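Engineer: give me a 3D structure for the following:
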Amino acid sequence: MKIVRDLLGSRELLYFLAWRDVKIRYKQTILGAAWAVLQPFIAMLVFTVVFTRVGVTSSIDAPPQLLYYTALVPWTYFAGTLTNAGMSLVTNTDLLTKVYFPRVLLPAATALAGLVDLTIASVLMLGLFAFYGVTPDAELLALPVCLAVLVALALGAGMLIAAINVVYRDVKYALPFAVQLLLFLSAVIVPLGDADGVLRTLMLVNPLTGIIEGCRAAALPGVAIDWLQLGVSAAVTAVLFALGARYFARVERAFADLV
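Structural biologist: Numbers count the residues shown, from 1 in each chain. So this is what the prediction gives:
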């Protein structure tokens, strides 16, 4: 696959672009990289206060703070990567029109840069586990598998949206709304086991659900990973990645003219 060859053949440039994205993201900010922790942490506090007061409970035996935070960490990575990757081509017009390089490096760099935030946010998760006296079990070893599928899904969808965004600029208006809507269909607030009816059906067809459920189960002790569900998510991710890569490669030559 051309996209994979481009990524492997331009590794050094990919790392440079990713590091550039990290520096730009926190340039002239007071809190800097602390924002990587504040976003999921504040969302966790809001969800805990709001849904606890309205009586929302979960069948998962864990503090609600951990229930939400273990899902918000991968969700925040996916949402940020999808948004930034989708806009990566149109926000780098100067690079596209002046210098040739594999264009896929731009959305890929956002996916790689997002791992820095993911790592920082995961450190706080360890602190929360220590605070609540919760010790992960052996299934924590499966977490890298869940994260690998998460990165592939974010990059595959990001490539597809980035390429479409070059042709149809409506994407920048629809994308924020779509990301917000997707939050409620990804088992972040309501685990799949507690959902029913139309909500459960929509969550089942969303590949992100299996990934987030897998991350949550891997982190929380006593919660079994649904390997079938995660496998289905991985299969859908592979298809989406292939479609995104194919469409991206198909319209790549016209990027410089369209941006």
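Engineer: hmm, what's the outermost residue in this structure?
Structural biologist: Here the chain reaches farthest from its C-alpha mean at Lys98, the gap being 30.3 Å by Cα atoms, centre = their mean.
Engineer: list the contacts of that residue.
Structural biologist: Lys98 sits next to no residue when contact means Cβ atoms under 8 Å, 6 or more residues apart in numbering. To be clear about C-beta, it is placed using only N, CA and C from the backbone, and glycine gets the same treatment.
Engineer: with the one 10 residues further on instead?
Structural biologist: Remark: with contacts taken as Cβ under 8 Å, 6+ apart, Ala108 is in contact with Leu7, Leu14, Ala18, Leu155.
Engineer: mind putting the residues you listed into a markdown table with neighbour count?
Structural biologist: As requested, the contacts of Ala108 are exported to a markdown table (neighbours: other Cβ atoms under 10 Å):
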| residue | neighbour count |
| --- | --- |
| Leu7 | 18 |
| Leu14 | 22 |
| Ala18 | 20 |
| Leu155 | 27 |
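Engineer: I'd like to know which of these is nearest to Leu124.
Structural biologist: If you rank those by distance to Leu124 using Cβ to Cβ, Ala18 comes first, at 22.1 Å.
Engineer: and that closest one, what element?
Structural biologist: Counting by DSSP states H and E, the secondary-structure element that holds Ala18 is helix 11-25.
Engineer: could you list every helix and strand in contact with that helix?
Structural biologist: Based on contacts counted as 3 or more Cβ pairs under 8 Å, 6 or more residues apart in numbering; DSSP states H and E, the elements that helix 11-25 packs against are helix 105-131.
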